[in-house]
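Asks: model the following, please.
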Amino acid sequence: MKKLLLFSIIMAVMAASFTPATIFAATTQIKGSDVMIIGDSYFAMSGEITRALENEARNAGVLGANDRFRDYTVSGSTLANNGIPSQYRNGINSGKVKYVIMDGGGNDCLQGYSAPPYTASTPFIKNATDAVTDLLKQMKADGVVKVFYLFYPDPNGDLNGLKSKLDALRPIMQSTVANAAQKPETYFFDIRPTWSGNLSQYTLPDGIHPTTAGSVATAKAMWAEMQKVNFFGTSTPTIKYGDYNNDGSIDALDFSSFKMYLMNPVRTYTEVLDLNSDNTVDAIDFAIMKQYLLGIVKNLPYK
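Replies: Below you'll find the model as predicted:
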């Protein structure tokens, strides 16, 4: 009878829907002077994306209440012909930075005439990607730690072929950024999904630049991605106690693996299973996991 009861309890645990453990993460502040923003009129024309992004950072406790990023963006700038690269040089001459937020390539698409199909050797694409490759190499030499490269939403209308040129440049630029031989840790972020279905609301009558709503939506999407990849390095990595297989959940798989772990006579200490934080993994921790899965213990580690 006791064996049947024990079997029933185990089966109930394995069939249950479990809630992940509570995770606590510390946040530290950055200096606004460590962040440089470079690019064209998508950032520069109203400045609202930068201000909204600063607000997101302040609200998260990452940026001081009165601190600002260093903004060197200039409308009409290209990547080729030392447009955006000159912004970077002007900025770095005024002081080193750790983080660069940028866009670029939109105005390059408007330079000269190129007939489709567009390839990596098409002049406006090659000139832009060559400029980015050189710029990232220089950033690496200057000690820049991370770069966040924002790529444009679709224009509201084709605008004399701009959409098709951006569509051609986007994947080639993304590949260039990813594969540059010498570069800081670089993130390429495509904003199109955020704007999908909202072009009329987010785009000014010129069909290119963001409205206030578009700027705020862009900044929020950028910030969400920055938080996801820990762009500013402000979130302290945490241990998700009980998640032995590191799949994001504490469940029957971890419970079963924990049992096998305890049966191993040559096991080594594994902090993720130290559920009472006593620097030992033993039957007490196993019992705590069982109670957690049954809903008796609410948070891990249990002290």
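
Asks: grab the longest helix from this structure for me.
Replies: As assigned by DSSP state H, the longest helix anywhere in the chain is helix 123-142.

Asks: helices or strands next to it in the packing?
Replies: helix 84-93, helix 162-179 (3 or more C-beta pairs under 8 Å, 6 or more residues apart in numbering; DSSP states H and E). Using the backbone N, CA and C atoms, a C-beta is placed for each residue, glycine as well.

Asks: now the helix or strand following it: mean pLDDT?
Replies: Per DSSP states H and E, the first helix or strand lying C-terminal to helix 123-142 is strand 146-151. In this model, strand 146-151 has an average pLDDT of 98.

Asks: note down every partner strand of strand 146-151 and its orientation.
Replies: The pairing partners recorded for strand 146-151 under DSSP bridges are strand 99-102 (parallel), strand 185-190 (parallel).

Asks: now the helices: where do they sit in this protein?
Replies: Using DSSP H, helices in the chain cover 2-15, 41-44, 48-59, 84-93, 123-142, 162-179, 192-195, 199-202, 212-228, 252-263, 283-293.

Asks: okay, those helices, which one's buried deepest?
Replies: When you average the neighbours per residue for each of the helices of the chain (mean count of other C-beta atoms under 10 Å), helix 41-44 leads with a mean of 24.

Asks: off-centre distance for that one?
Replies: 21 Å (C-alpha atoms, centre = their mean, to the nearest Å).

Asks: what's in contact with it?
Replies: Contacts to helix 41-44, defined as C-beta atoms under 8 Å, 6 or more residues apart in numbering, come from residues 37, 49-50, 71, 73-77, 103, 106, 150, 152, 208-210.

Asks: 10 Å instead, please
Replies: 37-38, 49-50, 53, 71-77, 87, 101-104, 106-107, 150-153, 191, 206, 208-210, 214-215, 218 (C-beta atoms under 10 Å, 6 or more residues apart in numbering).

Asks: tell me the average confidence for that helix?
Replies: The model assigns helix 41-44 a mean pLDDT of 98.

Asks: same check, this time on stretch 229-247
Replies: Stretch 229-247 comes out at a mean pLDDT of 80.

Asks: flag every buried residue along stretch 107-124.
Replies: 107-109, 114, 118, 122, 124 (16 or more other C-beta atoms under 10 Å).

Asks: which among those gets closest to residue 160?
Replies: Closest to residue 160 out of the buried residues of stretch 107-124 is residue 109 (10.1 Å), distances taken as C-beta to C-beta.

Asks: sort the buried residues of stretch 107-124 by pLDDT and name the bottom one.
Replies: Minimum pLDDT across the buried residues of stretch 107-124 falls on residue 114, with 87.

Asks: contact partners for the residue nearest to it when sequence neighbours are not counted?
Replies: In space, and not counting its chain neighbours, residue 114 is closest to residue 122: 5.1 Å by C-beta to C-beta, 6 or more residues apart in numbering. Residues near residue 122 by C-beta under 10 Å, 6+ apart: 112, 114-116, 128, 165, 168-169, 172.

Asks: same check, this time on residue 228
Replies: residue 187.

Asks: C-alpha coordinates for stretch 178-193, CSV please?
Replies: Provided in CSV are the C-alpha atoms of stretch 178-193 (Å, rounded to 0.1, in the frame of the first residue of the first chain):
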residue,chain,number,x,y,z
ALA,A,178,28.4,39.2,-38.3
ASN,A,179,31.5,38.1,-40.2
ALA,A,180,33.8,41.1,-40.0
ALA,A,181,37.2,39.7,-39.0
GLN,A,182,38.0,42.3,-36.3
LYS,A,183,35.1,43.9,-34.5
PRO,A,184,33.5,44.5,-31.1
GLU,A,185,30.6,42.2,-30.0
THR,A,186,28.1,43.4,-32.5
TYR,A,187,24.3,43.0,-32.6
PHE,A,188,22.3,43.6,-35.8
PHE,A,189,18.7,44.4,-35.1
ASP,A,190,16.0,44.4,-37.7
ILE,A,191,13.2,46.8,-36.6
ARG,A,192,10.7,45.7,-39.3
PRO,A,193,8.7,43.3,-37.1
